[in-house]
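Q: here is a sequence together with a model predicted from it:
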Amino acid sequence: MINFYLFGNPNHDQVILAFYEGCPEPKQLIKDYQYEPADVAVVFGVNKSRVPMSWPRGKVIARQRNENRDVVVLETGYINRGEGATHHYAAGLNGLNGRANFRNQGMPDDRMRLLGVELKPYTQGEYIVLCGQVPWDASVDSTNHVAWLKECAAALRNYSRPVVFRPHPSASLPPIKGCKYSKKPLSDDLRNAWAVVTFNSNSGVEALIEGVPVFAFDEGSMVWSVCNRSLSDIESPCLPDRKQWLNDLCYAQWTLDEMKEGLAWKHLFR
């Protein structure tokens, strides 16, 4: 049995319903996270300790995992995150982002070509971009994110390069001492960046595709395998090969139509 949990959020539920359409029987839709044991549970998102609305979802995930049963976690994807038919959604097993199993190690380049993603050559500019995230989001749930940002900014002041702090568009964080404050589009700030520093933001994915080295500090980051991990290397960051990383990343996300065709399910449970 596969249980699909709906909660009344139209944007989330459309993804659940698309995945439902592409999955084999037996399956059922369940409303309001009323837990029933199943071989696989499918949810959109995970628990956020500071967002009460997410707690029922967290209880479903916890009960399912406590019985050693799988959970498919759907979320916003990492590339092609625009609106409409080309928008991609992540589909991973038993975790969020880099803590999920996407069964995507050593993938071919066919989906990368399908998505039309082009890796730009590494180019290093003048300043460091420090990327803020939504402090109450699941991806930074175990941290005091504002304190982490301030600690990073203080450490970066030991180096000669200017630092640009850009808060997440959905979180109006105040300026940070010693940093230029930017609310420009990320693409603008990347244009002349020396490096990007992030806890685990998807800005790291966008930066690497644009050819900007990334420093990330959480294994939940989708760039964890190809990022720098110590600010002591900020003046001479590693520039790893990104091709296999990108091939694998493209197999972590799917369009709604691909989900309806069953491609995401077949990939995860092949």
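A: It's in.

Q: near L190, how many other residues are there?
A: When neighbours are defined as other CB atoms under 10 Å, L190 has 21 of them. Bear in mind the C-beta positions are built from the backbone N, C-alpha and C, glycine included.

Q: buried set for stretch 237-256?
A: For stretch 237-256, burial by neighbour count (16 or more other CB atoms under 10 Å) applies to 237, 240, 242, 245-256.

Q: check stretch 187-207 too.
A: Neighbour-count burial for stretch 187-207 flags 189-190, 193-207 (criterion: 16+ other CB under 10 Å).

Q: got it, and stretch 34-48?
A: 35, 38, 40-48.

Q: how about V43: what's its closest non-neighbour residue?
A: Closest residue in space to V43, ignoring its immediate chain neighbours: Y5 at 5.0 Å, by CB to CB, 6 or more residues apart in numbering.

Q: cool, and Q64?
A: Q64 sits nearest to A41 (CB to CB, 6+ apart), 4.6 Å away.

Q: what's the pLDDT at the one you found?
A: Note for A41: predicted pLDDT of 98.

Q: wasn't it part of a helix?
A: No: A41 is assigned strand when assessed by DSSP: H, G, I helix; E, B strand; the rest coil, not a helix.

Q: so who does it touch?
A: Listed by CB atoms under 8 Å, 6 or more residues apart in numbering, the contact partners of A41 are 2-5, 60-61, 64, 69-72.

Q: so who does Y122 touch?
A: Per CB under 8 Å, 6+ apart, neighbours of Y122: 211-213, 239.

Q: just the buried residues of those residues.
A: 211-213.

Q: make a markdown table out of the residues you listed and add distance to N11 and secondary structure.
A: Below are these laid out as a markdown table (distance: CB to CB, whole Å; DSSP: H, G, I helix; E, B strand; the rest coil):
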| residue | distance to N11 | secondary structure |
| --- | --- | --- |
| G211 | 32 | coil |
| V212 | 30 | coil |
| P213 | 33 | coil |
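
Q: from the residues you listed, which is closest to V134?
A: When these are ranked by distance to V134 (CB to CB), V212 comes first, at 21.8 Å.

Q: got a pLDDT number for the nearest residue to that closest one once chain neighbours are set aside?
A: Excluding its sequence neighbours, the residue lying closest to V212 (CB to CB, 6+ apart) is A193, at 4.9 Å. Note on A193: pLDDT of 98.
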